[in-house]
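>>> Whatever this is, show me its structure:
(one chain, ligands or ions: 1)
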Amino acid sequence: MESLLKKYFGYSEFRPYQKEVINNILQKRDCLAVMATGSGKSLCYQLPPLLVDKTAIVVSPLISLMQDQVMSLKQQGIRAEYLGSAQTDQSVNARAQKGEYRLLFMTPERACSISHSFWSKLLQAGICLFAVDEAHCISEWGHDFRVEYKQLDKLRAILLDVPFIGLTATATEKVRGDIINSLKMDDPYIAIGSFDRTNLFYAVKLLSRSSEFIENLVDEFSKSLGRSGPTIIYCTTIKDVEQVFKVFQDAGIKSGMYHGQMTNKAKQESHRSFIRDELQVMVATIAFGMGIDKPNVRQVIHYGCPKSLETYYQESGRCGRDGIASVCWLYYTRSDFAKAEFYCGETKSENQRRAVVESLMAAQRYCTITTCRRKFLLDYFGETSSTTNCGNCDNCLGSKKEHDVSREAFLLMACILSCKGSWGLNMPTDILRGSRAKKIMDNQFHKLPLHGLGKDHSANWWKSLAYQLISHVYTLETYINSFYLCISVSTKGKQYISSARLDHHPPLLLPLTSEMINGEEDPTITGGDLNGLATSEHEGFSEAESQLYHSLLEERTNLARRVGTAPYAICGDQTIKRLALIRPSTKARLANLDGVNQHFLMTHGDHFLETISRLAKGLNLSLDGEANIPVPPTVNIISKVDLTANSQRKLAPAKLQAWKMWSEDGLSIHQIASFPGRSAPIKPQTVLEYLLEAAQQGCNVNWTRFSEEVGLTNEIFMDITRAISKVGSRDKLKPIKDALPEEISYTHIKTCLTMQNCGMSLEMAPSPCIGTAANDEEAPRKVDDANSKTTALEVGNSLEGEMSVSCGDGLPLGKRQKVDGPEQSLTSLVIATEDGIVDWLKNYDDGVPIHDILEHFNGSGEESVIAMLNCLEGDFVIYKKNNVYRIL
Ligand SMILES: Nc1ncnc2c1ncn2[C@@H]1O[C@H](COP(=O)(O)OP(=O)(O)OP(=O)(O)O)[C@@H](O)[C@H]1O
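So this is what the prediction gives:
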């Protein structure tokens, strides 16, 4: 499963719940996935068809959404299409029913009207799942109810044995129940992921709806231009869209607009330009809601509070779907909350009306709280969050000091209680401000002792206080007759009142909102907060890397234009970030990056490698920077010096020091162990291990000298080689030791294995050293092998001049790997070839670490095996995850 994830999507790991959902789908179980926007729900229905080679049907509410998904999937080398009126290719229908597409998208209307014969043919070809995307549209309790979604249950009777999958980012418990019932799901597997979009910064501000505000917004945006990334500005009315769009356009900012009164063609053009990064800003109504699949939107600004908290979560969730830090600003006016009646206009049932009103109230709360906004959102969606300070919203970051508002809170709550009956917030506010309006006089409220006691604060100040009291549950706001908000004092509030008197109140500390401090709605905007975004996106970049990142983004845009697709469909911003940070120089390194899939590598790999190399040179940046993922050295021919230098960097200081003392200073193992400069002597065995590891890592070792020191004779070397052959494995030392005479020690075995690991064949085996610790110049003795056909010494003799052998010595492969005659079977040396590696890796689903691969292919040198692995990786035949190689 992981292999296909890497091959098609470029990712090396599943995100939470993806694997579980996929496994359940494969077992044909219905599933409901409620996972945050941008959490990777799509993958749950995209991967199964590739795993089982059947078609996945995906029902999606909007043509534009389907078109974008199909475009991206095609860029990933996946056969995908959509059925619908906008489909211009006449052959799609016929090909679809033959099962030619792995993913087939359609609207709910289309799904319900498709002929029986289409379904039966496609069923014959194979349907692996029926996914309902944006499944909350099925529920009257959802914020986006669509009648046509309700019809989908009809398909259960046709698509027998096909698992149904509901996917949504926003579903309260009620909505979840509705989805399950409506789709007639049978004991579904339910995955409820976190709603927390940790990369999003949330902020809210009360605004004064004025041209001054919009101009300020444009100013602020212009300051961060070029760094702020694609932005959506959502407006609540078409009039606002047109006004905001005009100001942005007049300021020379590449902007587009999108609303329901535009022609389809104009909407499509606007949408297309935005996803192709031709526009910096899209000013839109909710019509540009879930239809936008662009993962690199960096800011979502709401000019006016949306009609529900679900809508806000969904729209703000368009931002930063690729996981990069992004910003969501909401500017609201109080009049936004007086629209309940308007929003209920099209509702059909009392249930729907209540749902609409409750969601609007929740949105209002979200705007007016002074506590953590993230926590509020999470609580609303039923997720318990332990933190009260997320550190990534305006309320958590702002230094809102608490003030004692006991007197004012007492007055307001006492006034609400005195009014009795069901009044909105205006009534107690007006009473406190000393109003003598008709409604006050008619109700005799001017005679209340509290009348006029709150003159020193504006009406808005009192309303803000009221919202604070609501969010701290001293007061409550409830709807009467669905639309009219009525304020009352909660039990907690009543307890407070009873503990206080007119002239003495226990302290009540609450943070003041900006409008309580500034007095009025504020036409200024955020004061540089939009700028903050640009910095966070470039976290971890040096100046030059940031330049490279932007040039690569530009390169991707140009490439996308040539190919006729959206830049994000070529690869995500995260991938471009990795490219700018790591700057791979070879295909293997490129393949190893998260986000790089086979299609990208094959289609654009060379182009990006060449671009990175050229741009990095111009910016004086080295290639192959430090990656989080360790990358094997791409060695074809590496000189001894290079390799040793490399290895030295990898060795721990103590080991490196031991190796230097032994090889450069000529000290013996014993001398090193008890070297006077050492704070405490170490065991000779430890020194020996250090030296063997240094050799494994590529440091030059004079094996003649080493063998002399450890008493490894030629006979012993041969005996060990034979024992390994008999045992059939090099994995464990004990069985090898048991197969040998007593006098042959573990040290001998380890030395012999290390020599083999270092690519030494018998041919290269240092002859005199394997003699009897005599001198190196001594003529080689002839040692009979078990079959007494030929001798190691005779073969080894020919290389006598190369007694000092380094691993990774750059010797021609053939020369190093050659093992003559019977020695080959005798020693079980396995020579690496690309096919051989692939065949062998096929046996290990969980992959094999490099160490084991080298150990298995003991007939080849480390660098040649790594070079082969690199080639295979670059060709997307194998891939590496957590330093383990697997077949793709
Ligand atoms: N396992 C993964 N590793 C890394 N990135 C992933 C993984 N799965 C998905 N993604 C990426 O996450 C981003 C969001 O994924 P996706 O579009 O599936 O989100 P979604 O949950 O369907 O969001 P929405 O509710 O907005 O439709 C995409 O860029 C996708 O490529």
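>>> pretty sure S222 contacts D250?
No. With contact defined as CB atoms under 8 Å, S222 does not reach D250; the gap is 11.6 Å. Every C-beta, even on glycine, is put in place using the N, C-alpha and C of the backbone.
>>> Who has more neighbours out of those two?
S222 (15 against 11; other CB atoms under 10 Å).
>>> Closest residue of the stretch 501-650 of the chain to the ligand?
Nearest residue of the stretch 501-650 of the chain to the ligand: G572, at 5.2 Å (CB to the nearest ligand atom).
>>> I figured that residue hits N296, correct?
Yes. Under the criterion of CB under 8 Å, G572 makes contact with N296 at 7.1 Å.
>>> Next, show the common contact partners of the two.
In terms of CB atoms under 8 Å, 6 or more residues apart in numbering, G572 and N296 are both contacted by the residues D322.
>>> Tell me the pLDDT of the residue nearest to Q547 when sequence neighbours are not counted.
Closest residue in space to Q547, ignoring its immediate chain neighbours: L619 at 5.9 Å, by CB to CB, 6 or more residues apart in numbering. As predicted, L619 sits at a pLDDT of 89.
>>> Kindly report the same for L615.
pLDDT, L615: 93.
>>> Run through the residues of the stretch 251-400 of the chain sitting next to the ligand.
Residues of the stretch 251-400 of the chain found near the ligand (CB under 6 Å from any ligand atom) are 295, 321-322.
>>> Let's check: the centremost residue of this structure is which one?
Nearest to the geometric centre of the chain sits G323, at 5.4 Å (CA atoms, centre = their mean).
>>> and the residue nearest to it when sequence neighbours are not counted, how many residues sit next to it?
Counting by CB to CB, 6+ apart, G323 lies nearest to N199, which is 5.5 Å off, once chain neighbours are set aside. N199 is flanked by 17 other residues according to other CB under 10 Å.
>>> Which positions in stretch 741-751 come out as buried?
Neighbour-count burial for stretch 741-751 flags 744, 747-751 (criterion: 16 or more other CB atoms under 10 Å).
>>> Oops, could you answer that again for stretch 85-93 instead?
Going by neighbour count (16+ other CB under 10 Å), the buried part of stretch 85-93 is 87, 92.
>>> how many neighbours does H457 have?
H457: 18 surrounding residues under other CB under 10 Å.
>>> Could you pull up phi and psi at it?
When read as degrees, to the nearest 10, the backbone of H457 gives phi -120, psi 150.
>>> That one and the ligand, how far apart?
43 Å (CB to the nearest ligand atom, to the nearest Å).
>>> The helix or strand K492 falls within: which residues count as buried?
Using DSSP states H and E, K492 maps to helix 491-498. Neighbour-count burial for helix 491-498, counted by 16+ other CB under 10 Å, picks out 493, 496-497.
>>> show me where pLDDT drops low in the stretch 651-800 of the chain?
The stretch 651-800 of the chain contains residues with pLDDT under 70 at 651, 653, 676-681, 759-800.
>>> Go again with 90.
Counting by pLDDT under 90, the stretch 651-800 of the chain has low-confidence residues at 651-668, 670-687, 689-690, 693-708, 711-735, 737-738, 742-743, 746-747, 750-800.
>>> How are the strands of it distributed by residue range?
Secondary structure of the stretch 651-800 of the chain by DSSP state E, counting those that start in this stretch: the strands cover 701-702.
>>> Return the residues of this structure in contact with the ligand.
Proximity of the chain to the ligand, by CB under 6 Å from any ligand atom, involves residues 11, 13-15, 18, 35, 37-43, 169, 295, 321-322, 572.
>>> Any stretches of the stretch 451-600 of the chain with poor pLDDT?
For the stretch 451-600 of the chain (pLDDT under 90), the answer is 456-473, 476-486, 497-547, 550, 562-566, 569, 574, 581-582, 585-595, 597-600.
>>> Now do the helices in it.
Under the criterion DSSP state H, counting those that start in this stretch, helices of the stretch 451-600 of the chain are mapped to 459-471, 491-498, 514-518, 529-537, 543-563, 567-570, 573-582, 587-591, 598-618.
>>> Okay, strands next: where are they in the stretch 301-450 of the chain?
326-332, 402-404.
>>> The last one pairs with which strands, and in what direction?
In this case it means strand 402-404. Partners of strand 402-404 in the sheet, by DSSP bridges, are strand 509-511 (antiparallel).
>>> again with the first one
For strand 326-332, the paired strands and their directions (DSSP bridges) read strand 200-206 (parallel), strand 299-303 (parallel).
>>> a markdown table please, covering these and showing mean pLDDT.
As requested, those are arranged in a markdown table below (pLDDT from 0 to 100):
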| stretch | mean pLDDT |
| --- | --- |
| strand 200-206 | 89 |
| strand 299-303 | 92 |
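>>> if we can go back for a sec, quick check, nearest of the residues of the stretch 251-400 of the chain next to the ligand to R373?
The nearest member of these to R373, counting by CB to CB, is R321 at 19.3 Å.
>>> residues contacting the closest one?
37-38, 294-297.
>>> what about stretch 115-132, start to end distance?
19 Å (CA to CA, to the nearest Å).
>>> So for it, what gets flagged as buried?
119, 122-123, 127-132.
>>> ok, E278 touching K254?
Yes. Counting by CB under 8 Å, E278 touches K254, with 6.9 Å between them.
>>> Look at A131 and give its secondary structure.
strand (DSSP: H, G, I helix; E, B strand; the rest coil).
>>> any idea how far it lies from the ligand?
A131 is 11 Å from the ligand, by CB to the nearest ligand atom.
>>> go on, E709?
As judged by CB to the nearest ligand atom, E709 and the ligand stand 51 Å apart.
>>> And for the closest residue to that residue other than its chain neighbours, the neighbour number?
Using CB to CB, 6+ apart and skipping the chain neighbours, the partner closest in space to E709 is I669 (5.6 Å). Counted with other CB under 10 Å, the neighbours of I669 add up to 21.
>>> now do T686
16.
>>> With A251 instead?
A251 has 17 nearby residues by other CB under 10 Å.
>>> and the residue of the stretch 501-650 of the chain closest to the ligand, what is it in contact with?
Contacts of G572 by CB under 8 Å, 6+ apart are 295-296, 322, 595.
>>> Determine which two of those are furthest apart.
The span of those, defined through CB to CB, is set by N296 and G595 at 12.5 Å.
>>> out of the two, which sits in the more crowded spot?
Shown here are N296 and G595; by other CB under 10 Å, N296 has more neighbours (23 against 19).
>>> just checking, the more buried one touches C319?
No. Contact criterion CB under 8 Å: N296 and C319 do not qualify, at 9.5 Å.
>>> Could you report the distance from Q598 to E873?
To E873, Q598 is 11 Å away according to CB to CB, to the nearest Å.
>>> same deal with N714?
39 Å.
>>> With adjacent residues omitted, what lies nearest to T285?
Once flanking residues are discounted, T285 sits nearest to H259: 4.4 Å by CB to CB, 6+ apart.
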